[in-house]
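Chemist: using only what follows, build the 3D model:
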Amino acid sequence: MRHMTCSTLFALSLMACGGDPPVTKTPDKVAATAAPADTTAPKAATVTPEETSSQVQIDKDILRACGIPEPEAFFGYNAASVRKEDTLPLDKVATCFLSGPLKGRSLRIVGHADSRGSTEYNMLLGHKRADAIAGYLLGKGMTKEKTESTSRGAMDAKGTDEAGYAKDRRVDVMLGQ
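Modeler: Predicted coordinates for the structure are as follows:
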């Protein structure tokens, strides 16, 4: 053991501990991490691609004002990252709020989780989801003053099966005050 290098010991300690969960990078390099390890995290269920087609639910007033087709509203299980299929409607929202019909208005971004997991875990996951969307919009030129993000965790969750849980995992993008 006296002849082991620091890097060898570090590698061995990572293998023994299992390391951190992988980090998911999005096409625009928005900072998005996997949810923290938590013993109260719910067990994963099988999710079909149709159930995770998007993660953003944009308010109907914004959709109409900005001329955006209605996206689906699902997050993948235990996910909190902006995916490729979410970038087109988010790009349109950013353009609309920066130079379009809603220029100068503010956004309210609210993260949600399904009912599985502890209250604290779901609030944190909802925040991570909202912050990922807000971070993407900030990267497109929105300002923090016009982009408020918050979480409701599982407070509004209604799902009782995987299809219902998938609808609970979302971020609502609404007009701000």
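
Chemist: quick one, what contacts Ile68?
Modeler: Ile58, Ile62, Pro89, Lys92, Val93, Cys96 (Cβ atoms under 8 Å, 6 or more residues apart in numbering). In this view, the C-beta of every residue, glycine as well, is placed from N, C-alpha and C.

Chemist: Ile109 should be in a strand, yeah?
Modeler: Yes - per DSSP: H, G, I helix; E, B strand; the rest coil, Ile109 lies within a strand segment.

Chemist: what about it, how many residues close to it?
Modeler: Ile109 has 24 neighbouring residues, counting by other Cβ atoms under 10 Å.

Chemist: measure it to Glu85 for me?
Modeler: 18 Å (Cβ to Cβ, to the nearest Å).

Chemist: ok, the residue nearest to Asp156 when sequence neighbours are not counted - contacts?
Modeler: Leaving aside its chain neighbours, Asp156 sits nearest to His112 (6.1 Å; criterion: Cβ to Cβ, 6 or more residues apart in numbering). By Cβ under 8 Å, 6+ apart, the contact set of His112 is 126, 129, 151-154, 156-157, 168-172.

Chemist: same question, Thr150
Modeler: Neighbouring residues of Thr150 by Cβ under 8 Å, 6+ apart: Arg108, Ile109, Val110, Gly111, His127, Ala130.

Chemist: would you mind measuring from it to Pro101?
Modeler: In terms of Cβ to Cβ, Thr150 sits 25 Å off from Pro101.

Chemist: again, but for Ala134
Modeler: For Ala134, the distance to Pro101 - Cβ to Cβ - is 21 Å.

Chemist: same question for Lys84.
Modeler: Using Cβ to Cβ, we find Lys84 at a distance of 26 Å from Pro101.

Chemist: more neighbours: those two, which one.
Modeler: Per other Cβ under 10 Å, whichever of Lys84 and Pro101 has more neighbours is Pro101, with 12 against 9.

Chemist: just the element for the more buried one, please.
Modeler: Per DSSP states H and E, Pro101 falls between elements, in no helix or strand.

Chemist: max-length helix in this protein?
Modeler: In the chain, with assignment by DSSP state H, the single longest helix is helix 119-139.

Chemist: please identify the buried residues of whichever helix or strand comes after it?
Modeler: Scanning forward in sequence from helix 119-139 by DSSP H and E, the next helix or strand is strand 147-153. Across strand 147-153, burial judged by 16 or more other Cβ atoms under 10 Å covers Thr147, Glu148, Ser149, Ser151, Arg152, Gly153.

Chemist: just the angle between strand 147-153 and helix 119-139, please?
Modeler: Counting by axes from the mean of the first three to the mean of the last three Cα atoms, to 10 degrees, strand 147-153 lies at 160 degrees to helix 119-139.
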